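Trainee: sequence below, structure please.
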Amino acid sequence: MKRRIFTQATLTCPRHNKEEAGTIMKNRIKEMLAAGKPVMGTFITLNSPDLVEIAGIAGFDFVIIDAEHGPMDPESLQNLLRGAELRGATPVVRIPETSDTWILKTLHVGAQGIQLLGM
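Mentor: The predicted structure is shown next:
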């Protein structure tokens, strides 16, 4: 079964209708794939920002935070996503249900990609 990863759109400043400098973290997956380089990542199933940071320090280009099988909600995801950003790993979240609420909350707390169920 092929999985699709949806990424967050570029944010614009509503006041000036232009991109805000420094508001979006670089997406290493997109950059490396565009350059023809392989990417390497891992799954994180525990609610531990330390593990996410360790994955980034170990050199993983991305982490898939498994909120489907792990004990995560949007509030706890925020801390895991901060750990990925801190260490330069692109955070992708596997969400527990394919609902607008989960998708939007996950993107709002900082995920750069979402892995949907059954896709």
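
Trainee: going by C-alpha atoms from here, please, whenever you check contacts or count neighbours.
Mentor: Will do.

Trainee: burial measure for K30, as a count.
Mentor: The criterion is other Cα atoms under 10 Å. On that basis, K30 has 14 neighbouring residues.

Trainee: identify each buried residue in the helix or strand in which it is found, please.
Mentor: Following DSSP states H and E, one finds K30 within helix 28-34. Residues of helix 28-34 classed as buried by neighbour count (16 or more other Cα atoms under 10 Å): R28, I29.

Trainee: give the next helix or strand downstream of it.
Mentor: According to DSSP H and E, the helix or strand after helix 28-34 is strand 41-44.

Trainee: for that following strand, name the packing helices and strands.
Mentor: helix 49-57, strand 62-66 (3 or more Cα pairs under 8 Å, 6 or more residues apart in numbering; DSSP states H and E).

Trainee: grab the CA positions of that strand and hand them over as CSV.
Mentor: What follows is strand 41-44, C-alpha atoms only, in CSV (Å, rounded to 0.1, in the frame of the first residue of the first chain):
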residue,chain,number,x,y,z
GLY,A,41,14.1,8.5,8.9
THR,A,42,12.6,6.6,11.8
PHE,A,43,9.3,6.0,13.6
ILE,A,44,8.8,7.4,17.1
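
Trainee: average model confidence for it?
Mentor: Average pLDDT, strand 41-44: 95.

Trainee: chain center to that strand: distance?
Mentor: Remark: strand 41-44 is offset 11 Å from the chain centroid, using Cα atoms, centre = their mean, to the nearest Å.

Trainee: for this protein, which residues score under the pLDDT cut-off?
Mentor: 1-25, 119 (pLDDT under 70).

Trainee: kindly list the longest helix within it.
Mentor: Counting by DSSP state H, the longest helix found in the chain is helix 74-87.

Trainee: contacts for that one next, please.
Mentor: With Cα atoms under 8 Å, 6 or more residues apart in numbering as the test, helix 74-87 has contacts from 25, 47-50, 52-53, 56-57, 63, 65, 90-91, 102, 105-106, 109-111.
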